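> pasting the structure only:
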């Protein structure tokens, strides 16, 4: 009788099965990083280690200001390193200094804990995750404008399939890195108009995050940011496997993002 030859891949592949009880024990050790903004109320205390959280909305609604507030709080109050990947040339140390002084933190210490990378290409963006300085163990990683370089390099409908494929590869890599290092990740994103003919759609369904379903399936928590009346901003939790939909109002001040 001829024995079936074992496939080499069958011998090398190890599947990590576990029970729900074991997973529960593992999750009890996961910490949340507070943001010191109203966003904490949407996520029961802060961003979970290993999660990827997206803030999306139109230009000028305060997405970068949210990112700056998180950066200053974690580097100033918590004393942690922050890796800030700036894809839209929005990072301004003068604004960070203003917020740091207003919050009463030490400017030199805060600025020295923020590690900035400004990639010019998709290749540089992807490499930046692999080449974080060895002496830096970030308590938070931020990508401001996560889809910007993909849209800039791959223009036109004929490149759409390639662009979405590369975007998905990068996002899967980013999520794997977050899980392996237990680092919370925040990304900001732009929006585009929904071509739907359905009348009276809520604003969050008329302005969709760039990247489409490629992005939606990788992000853990998605928060839509829009303008309110009298200079206010509204952050609305749109999608999460853990938290119910809810919204909070905030304002942008010299300290950064504060509740109304």
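Structure's in. What do you need? Predicted model, so just to flag it, every value in this text is computed and none were measured.

> hmm, who's touching the strand or helix carrying residue 214?
Element membership for residue 214, per DSSP states H and E: helix 212-216. Residues outside helix 212-216 that contact it (C-beta atoms under 8 Å, 6 or more residues apart in numbering): 54, 146-147, 164, 167-168, 171, 189, 209, 222, 239. For glycine as for every other residue, the C-beta is placed from the backbone atoms N, C-alpha and C.

> try it again at 7 Å.
Applying C-beta atoms under 7 Å, 6 or more residues apart in numbering, the contact partners of helix 212-216 are 164, 167-168, 171, 209.

> next: stretch 224-233.
With C-beta under 7 Å, 6+ apart as the contact definition, stretch 224-233 has outside contacts at 55-57, 61-63, 203-204, 234-236, 238, 249-252, 260.

> can you pull the buried residues of that stretch?
Of the residues in stretch 224-233, 224-226, 233 count as buried by neighbour count, 16 or more other C-beta atoms under 10 Å.

> now residue 253, nearest residue through space, not along the chain?
Nearest residue to residue 253 in three dimensions, chain neighbours excluded: residue 102, at 7.6 Å (C-beta to C-beta, 6 or more residues apart in numbering).

> I'd like the next helix or strand past the helix or strand that contains the one you found.
Assigned by DSSP H and E, residue 102 falls within helix 93-103. With elements assigned by DSSP H and E, the helix or strand that comes after helix 93-103 is helix 107-112.

> leaving out chain neighbours, which residue sits closest to residue 97?
Of all residues not flanking residue 97 in the chain, residue 107 sits nearest, at 5.5 Å (C-beta to C-beta, 6+ apart).

> ok, that neighbour touching residue 98?
No - contact criterion C-beta atoms under 7 Å: residue 107 and residue 98 do not qualify, at 9.7 Å.

> so what strands line up beside whichever helix or strand comes after the helix holding residue 214?
Per DSSP H and E, the first helix or strand lying C-terminal to helix 212-216 is strand 221-227. Under the criterion DSSP bridges, strand 221-227 sits next to strand 52-56 (parallel), strand 233-240 (antiparallel) in its sheet.
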